[in-house]
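In: Below are the sequence and a predicted model for it; my questions follow.
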Amino acid sequence: MRKLLIIMNNKEGNNKSSGGRANSSRPHSNKPKPAMQKRAQGPKKVKVNTKVAEVATDKVEKKPNQAPKRPKVKDEIRLNKYIANSGACSRRDADIYITSGTVKVNGIPVTEMGYMVKPGDVVNFDGATLTPEKKVYILLNKPKNFTTAFDEGQEFRNVLELVKGSTTAKIGAVGRMDKNTTGLLLFTNDTDMIRKFTLPTNKSSKIYHVSLDKNLKFEDLEKINKGLVLDGHRVFVEDISYIEGEAKSEIGLKLRSANVKVVRSIFEHFSYDVLRIDRVSFAGLTKKNLPRGNWRLLTEQEIINLKNV
């Protein structure tokens, strides 16, 4: 009996597993069940190679501070090259100044790498206006009958004729010299240096050889040495002396002013006529190995010395 119960339980378990019910009157079908239809599948997703996409995007994206490409205009020049040509610094250092925002073009800060400067643009670098030419410094031993002025008629020629061919840069004279004054005259395209040596506050020394119409009295020499007032302005004389081995009318005068008119006015104040003025030294530069009417380029050390005066 126990054995039978076990068999019956097994049959019930089989019926349950097949989905039938014990008390069901519905006949059991031995037909095989139809196969289930597969679900309709949508289009397969295409797997994107993200690495390739990223590389392609990088090629399209612009680098920061990169100027957009545009047709090049004639005579344009890259900003960093413009700065380097002016002698301010190297092209590599110019890039650093540009990205830091200290370079202005026509008054507007420019931080774009590759910016093109057009003819007529005004470039300001670290507070100073630049010229595209490299800075040049030329020393001339000026002869008579040449002047720094442009309005003294056709009789006297301009000093620029004497340094013609020395450079292609647009240069100007540092200070003025009339037709009768001879000696050292500096030319440059460095506007900051021109301004520096023409200011009354400039402390660089100039030495002049002055020839008078008569001997200079010792008491007048002493008065000049103490300084004097001309046209309401105090003139400070660093040194004055008779030139050794010459007549007492040949005088050496050392002062800071680059204005030759001041030299003439000093002696005229004491009723002397000035026959000749020759500038023999300018801010440490001398006429050594520089004959009258000739010019030469300054050395690197001489340029450094002038900037540090």
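Out: Good, I have the coordinates.
In: Tell me which other helices or strands the longest strand anywhere in the chain touches.
Out: Longest strand in the chain, counting residues (DSSP state E): strand 274-282. Packing contacts for strand 274-282, counted by 3 or more Cβ pairs under 8 Å, 6 or more residues apart in numbering; DSSP states H and E, involve strand 182-188, strand 206-212, helix 260-268. (C-beta placed from N, C-alpha, C; glycine too.)
In: Pick the most buried one from those.
Out: Counting by mean count of other Cβ atoms under 10 Å, strand 182-188 has the highest mean neighbour count of those, with a mean of 23.
In: if we can go back for a sec, what strands flank the longest strand of the chain, and is each parallel or antiparallel?
Out: Under the criterion DSSP bridges, strand 274-282 sits next to strand 182-188 (parallel), strand 206-212 (antiparallel), strand 285-286 (antiparallel) in its sheet.
In: Next, format the ones you listed as JSON lines and append mean pLDDT.
Out: Converted to JSON lines, the strands paired with strand 274-282 look like this (pLDDT from 0 to 100):
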{"stretch": "strand 182-188", "mean pLDDT": "96"}
{"stretch": "strand 206-212", "mean pLDDT": "97"}
{"stretch": "strand 285-286", "mean pLDDT": "96"}
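In: so residue 269 sits right up against residue 229, yeah?
Out: No - using Cβ atoms under 8 Å, residue 269 is not in contact with residue 229; the gap is 9.2 Å.
In: for this structure, what spans make up the helices?
Out: Along the chain, counting by DSSP state H, helices occupy 2-17, 50-60, 79-85, 91-100, 191-198, 218-226, 260-268, 300-307.
In: Switch the helices and strands packed on strand 274-282 over to a markdown table; also include distance to residue 128.
Out: Output for these, formatted as a markdown table (distance: least, Cβ to Cβ, whole Å):
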| stretch | distance to residue 128 |
| --- | --- |
| strand 182-188 | 14 |
| strand 206-212 | 25 |
| helix 260-268 | 28 |
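In: Determine which of those approaches residue 241 most closely.
Out: Closest approach to residue 241 among the helices and strands packed on strand 274-282 (Cβ to Cβ): strand 206-212, 10.6 Å.
In: By mean pLDDT, show me the worst of the helices of the chain.
Out: Sorting those by mean pLDDT places helix 2-17 lowest, at a mean of 44.
In: Where do the domain boundaries of the chain fall?
Out: 77-129, 137-199+290-299, 206-282 (automatic domain parsing).
In: The ones you listed into TSV, with extra columns for distance to residue 309?
Out: What follows is those, written out as TSV (distance: least, Cβ to Cβ, whole Å):
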stretch	distance to residue 309
domain 77-129	18
domain 137-199+290-299	8
domain 206-282	10
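In: Out of those domains, which is closest to residue 307?
Out: domain 137-199+290-299 (7.3 Å).
In: ends of that closest one, how far apart?
Out: 9 Å (Cα to Cα, to the nearest Å).
In: Give me the distance between that domain and the centre of its chain.
Out: Here domain 137-199+290-299 is found 25 Å from its chain centre; the criterion is Cα atoms, centre = their mean, to the nearest Å.
In: any idea how far residue 243 is from residue 270?
Out: Counting by Cβ to Cβ, to the nearest Å, the separation of residue 243 from residue 270 is 18 Å.
In: ok so, going back, which one of the helices and strands packed on strand 274-282 lies nearest to residue 90?
Out: Comparison of the helices and strands packed on strand 274-282 against residue 90 by Cβ to Cβ identifies strand 182-188 as nearest, at 21.2 Å.
In: Name the residues that touch that closest one?
Out: 135-144, 148, 159-160, 163, 166, 171-175, 177, 194, 197, 208-209, 276-282, 285-287, 292, 295 (Cβ atoms under 8 Å, 6 or more residues apart in numbering).
In: would you put the C-alpha positions of that strand in PDB?
Out: Extracted in PDB, the C-alpha atoms of strand 182-188 (Å, rounded to 0.1, in the frame of the first residue of the first chain):
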ATOM      1  CA  THR A 182      81.100 120.000 -36.300                       C
ATOM      2  CA  GLY A 183      81.800 116.800 -34.500                       C
ATOM      3  CA  LEU A 184      79.900 113.800 -33.200                       C
ATOM      4  CA  LEU A 185      76.200 113.300 -34.200                       C
ATOM      5  CA  LEU A 186      74.300 110.200 -33.500                       C
ATOM      6  CA  PHE A 187      71.600 108.700 -35.800                       C
ATOM      7  CA  THR A 188      69.100 106.000 -35.000                       C
END
